[in-house]
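**Student:** Could you work out the structure for the sequence below:
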Amino acid sequence: MRKLLVAVAIIAGAIYGYVKFTGKDGAVVDHPALEFVPADTVFLSAQLEPVDFIAYLNAFGVSPDYYSEASQQQLAELAANTDEPQWRFVLNLAGEYMRALAQPEQLEVITGIKSQVRSLNYMVGLSPVMRVELANEAAFWKLFDRAEEASGISHQAIPGADGGFRSYPFSFGEYQVELLVSVADGWGNMTLLLPTQGEQTRELALLAVKPERSILSDNQLATIIENYNLNPNAVGFISFQQLVTGLTTTAGNRLANDIQLMASPQFVAAMEPWRTAECQQDLTSITTSWPGVYFDSKITSKASEQSHVRGKMLLPTSNKETINTLSSMRGFVPDHIANGLNDAIFSFALGLDMAEFAPAVTKLWRGLTQPAYQCPQLAELQQKMQQTNPMAMLAAGAMVHSVQGASVTINDLVLDPNTMQVSAVDAMLSVTAKNARSYLEGLKAMVPGMAEIALPADGEELPLNTVLPMLDAFGVTPVLQVSDSHLVVYAGDKGTAQAKAVIEQPIAKNGMLSFGMDYARFFGTMAQAMQASGQPVPDEFSSLTEMQMQVQATMDIDEQGVVMHSQMTIGDAK
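**Tutor:** Numbering: from 1, shown residues only. Presented below is the predicted three-dimensional model:
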């Protein structure tokens, strides 16, 4: 099981990175493939402009061990040890894909997938449809031929246009599912179908017909792109409106139709109370206010160069009062963290205006519990929430009411190989507060042994070893500096420069959360500590120490809702 989880994580990481982190900015692409995507799809991820897949995989798989023969062998062992031919088939397909990741210049030969590739993923009711552009159709079919031969299962040929389909039946307990594979117009197409799905859904999933209304109808996709300022050539969403319609109606969309056809009597009975007029009205109101999750991405990737990736994910709401309330909690994030990748091993910043935190949480809580829903199930949930009092959390926030944010940045860290104690550090820690000096003076009086410590005057530095002699044991000399707005503790050249910049930076509501990490350096330090403590370092953990990847992610509130931005640099600079 442990090996299976490792294998799945490796494959899923690469697939996720490819689906989410591809694209270029530009005008809306009216791609013919989008005409097959139903307007009521719950999910869409569309890569509509070719991306250099080989350069991307070369960057993502910088570590030679990440998709090593050992990792491939783990999949081969799992396939050999299972008694289920269908699982052997899936695992052998996964092994072939991993082999292509390990040598991406052979991508077209092993999988048939184009090195400059486009892809499309969406739902037709309950059926996921996966489409990828091909360079070599014969190689694509041989990929499945090899999996058949290794597993002992065979396909059923289904006649149709463009050569028809291959059908692979699978069973999961009492459920049956059919994997259908085809090639048409230079694209490889895969879909999963349930025996209960109607003929119309089957034809749509098989690309035999186009839906009456597609994602292009009424400029639906164009409106989403324009409203949420998304990259039109690498865009996607999860629709809460279509998901709720599918779960709580009998025929509101294709998802609802499919669920009705396969649902057990127990499920139908459990969902029946949600189908009353009162519940439909309340649920419609909720999903109108919170329609879904929307995302886009962009990657700049060339052979023998680093790949630079950025992504955006937005949880919008039409409730402006909620946005204003969330925005009031925004606090201060230092520029060197807020502005993106900063070459640190690790950085983290939390910006919260604690003076606004309690009133904002109270207001949001009131908005969730009042006014009362007419739907009995939602009303019951409200009553339970009303019984949970958030005042304990709010009281804790009141103790730090003047705080605006806090951050930590570790630029470099060296451990003594003999003692594994810190022998050198370049880092910076900051706490930002209104009237910070007055706040700290009051805080000192509450902490035993701290009242005698005199805070340095503006512009002066206080070596903390002079007041905390135990720090001498670590061989570092952290320095404290305080201004009216900031407390900073720092060591090292970079940490000193960052601290000086923070001291000069005026307080502003400029963010909420930011996180950054250099994978190779961070996990390398952890592996070093594990080895020194006598713990074995797992192979899958070791691969992280060789992954030349730097990431930075932020969460904030903008005029549309909760927004998350990510940046990633992959590979060595050449």
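**Student:** Quick check: the closest residue to Gln242 other than its chain neighbours vs Ala473, distance?
**Tutor:** Counting by C-beta to C-beta, 6 or more residues apart in numbering, the nearest residue to Gln242 once its immediate chain neighbours are dropped is Val42, at 4.7 Å. To be clear about C-beta, it is placed using only N, CA and C from the backbone, and glycine gets the same treatment. Computed with C-beta to C-beta, to the nearest Å, the distance linking Val42 and Ala473 is 58 Å.
**Student:** quick one: which of the two has more around it?
**Tutor:** For Val42 versus Ala473, neighbours defined as other C-beta atoms under 10 Å are more numerous around Val42 (25 against 10).
**Student:** Spit out the contact partners of the more buried one.
**Tutor:** Val42 is in contact with 123, 238-239, 242-243, 246, 255, counting by C-beta atoms under 8 Å, 6 or more residues apart in numbering.
**Student:** Among those, which ones are in helices?
**Tutor:** Per DSSP state H, helices hold the following members of those: 242-243, 246, 255.
**Student:** on that earlier part again, of the contacts of Val42, which is the nearest to Pro334?
**Tutor:** Top of the list for closeness to Pro334, among these and by C-beta to C-beta, is Ile238 at 32.8 Å.
**Student:** For that closest one, grab the count of nearby residues.
**Tutor:** Taking other C-beta under 10 Å as the neighbour definition, Ile238 ends up with a count of 19.
**Student:** now do the one 10 residues further on
**Tutor:** Residues lying near Thr248 (other C-beta under 10 Å) number 21.
**Student:** In this model Pro273 seems to touch it, though I could be wrong.
**Tutor:** No: Thr248 is beyond contact range of Pro273, at 9.6 Å (criterion: C-beta atoms under 8 Å).
**Student:** what do those two both touch?
**Tutor:** When C-beta under 8 Å, 6+ apart defines a contact, the residues bordering Thr248 and Pro273 alike are Cys279.
**Student:** element containing the residue of the chain positioned farthest from its centre?
**Tutor:** For the chain, the residue at maximal distance from the C-alpha centroid (C-alpha atoms, centre = their mean) is Glu452, at 47.1 Å. Element membership of Glu452 [criterion: DSSP states H and E] is none; it lies in no helix or strand.
**Student:** Ok, Thr554 next?
**Tutor:** Counting by DSSP H and E, Thr554 is found in strand 549-557.
**Student:** quick one: average pLDDT of that strand?
**Tutor:** The pLDDT scores in strand 549-557 average 93.
**Student:** Need the residues that contact that strand.
**Tutor:** Counting by C-beta under 8 Å, 6+ apart, the neighbours of strand 549-557 from elsewhere in the structure are 60, 62, 323, 326-327, 329-330, 338, 340-343, 347, 511-520, 562-571.
**Student:** hmm, back to that, any chance of JSON lines for the contacts of Val42, columns distance to Pro469 and pLDDT?
**Tutor:** JSON lines is the format used below for those (distance: C-beta to C-beta, whole Å; pLDDT from 0 to 100):
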{"residue": "Met123", "distance to Pro469": "64", "pLDDT": "97"}
{"residue": "Ile238", "distance to Pro469": "55", "pLDDT": "97"}
{"residue": "Ser239", "distance to Pro469": "61", "pLDDT": "97"}
{"residue": "Gln242", "distance to Pro469": "64", "pLDDT": "96"}
{"residue": "Leu243", "distance to Pro469": "60", "pLDDT": "96"}
{"residue": "Gly246", "distance to Pro469": "65", "pLDDT": "94"}
{"residue": "Leu255", "distance to Pro469": "66", "pLDDT": "94"}
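**Student:** and which of these is nearest Val414?
**Tutor:** Each of the contacts of Val42 was checked against Val414 using C-beta to C-beta; the closest is Ile238, at 44.0 Å.
**Student:** So which bits of the helix or strand hosting Trp141 are buried?
**Tutor:** Assessed by DSSP H and E, Trp141 sits inside helix 137-151. Going by neighbour count (16 or more other C-beta atoms under 10 Å), the buried part of helix 137-151 is 139-144, 147-148, 150-151.
**Student:** Extract the CA atoms of that helix and return them as PDB.
**Tutor:** This file holds the C-alpha atoms of helix 137-151, laid out as PDB (Å, rounded to 0.1, in the frame of the first residue of the first chain):
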ATOM      1  CA  GLU A 137      -1.500   7.700 -33.500                       C
ATOM      2  CA  ALA A 138       0.100   4.300 -33.900                       C
ATOM      3  CA  ALA A 139       2.300   4.900 -30.800                       C
ATOM      4  CA  PHE A 140      -0.800   5.900 -28.800                       C
ATOM      5  CA  TRP A 141      -2.500   2.600 -29.700                       C
ATOM      6  CA  LYS A 142       0.700   0.600 -29.000                       C
ATOM      7  CA  LEU A 143       0.700   2.100 -25.500                       C
ATOM      8  CA  PHE A 144      -2.600   0.300 -24.800                       C
ATOM      9  CA  ASP A 145      -1.500  -2.800 -26.700                       C
ATOM     10  CA  ARG A 146       1.500  -3.200 -24.300                       C
ATOM     11  CA  ALA A 147      -0.800  -2.700 -21.300                       C
ATOM     12  CA  GLU A 148      -3.200  -5.400 -22.600                       C
ATOM     13  CA  GLU A 149      -0.400  -7.800 -23.300                       C
ATOM     14  CA  ALA A 150       1.100  -7.300 -19.800                       C
ATOM     15  CA  SER A 151      -2.200  -7.600 -18.000                       C
END
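**Student:** picking that back up, just give me how far the strand holding Thr554 sits from the chain centre.
**Tutor:** Centroid displacement of strand 549-557 relative to its chain, using C-alpha atoms, centre = their mean, to the nearest Å, is 10 Å.
**Student:** What are the boundaries of the strands in the stretch 301-450 of the chain?
**Tutor:** In chain order, the stretch 301-450 of the chain shows strands spanning 307-316, 346-351, 403-415, 422-433, with DSSP state E, counting those that start in this stretch as the criterion.
**Student:** The shortest one pairs with which strands, and in what direction?
**Tutor:** Right, the one you point to is strand 346-351. For strand 346-351, sheet partners with direction are given as strand 403-415 (antiparallel), strand 513-518 (antiparallel), following DSSP bridges.
**Student:** Quick one: mean pLDDT for it?
**Tutor:** Looking at strand 346-351 alone, the average pLDDT works out to 96.
**Student:** Take the strands of the stretch 301-450 of the chain and write them to a markdown table, including distance to Leu381.
**Tutor:** Conversion of those to a markdown table gives the following (distance: least, C-beta to C-beta, whole Å):
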| stretch | distance to Leu381 |
| --- | --- |
| strand 307-316 | 20 |
| strand 346-351 | 29 |
| strand 403-415 | 33 |
| strand 422-433 | 37 |
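**Student:** For the ones you listed, give me a markdown table that also has mean neighbour count and distance to Gly188.
**Tutor:** Putting the strands of the stretch 301-450 of the chain into a markdown table (neighbours: other C-beta atoms under 10 Å; distance: least, C-beta to C-beta, whole Å) gives the following:
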| stretch | mean neighbour count | distance to Gly188 |
| --- | --- | --- |
| strand 307-316 | 20 | 24 |
| strand 346-351 | 21 | 40 |
| strand 403-415 | 21 | 45 |
| strand 422-433 | 21 | 49 |
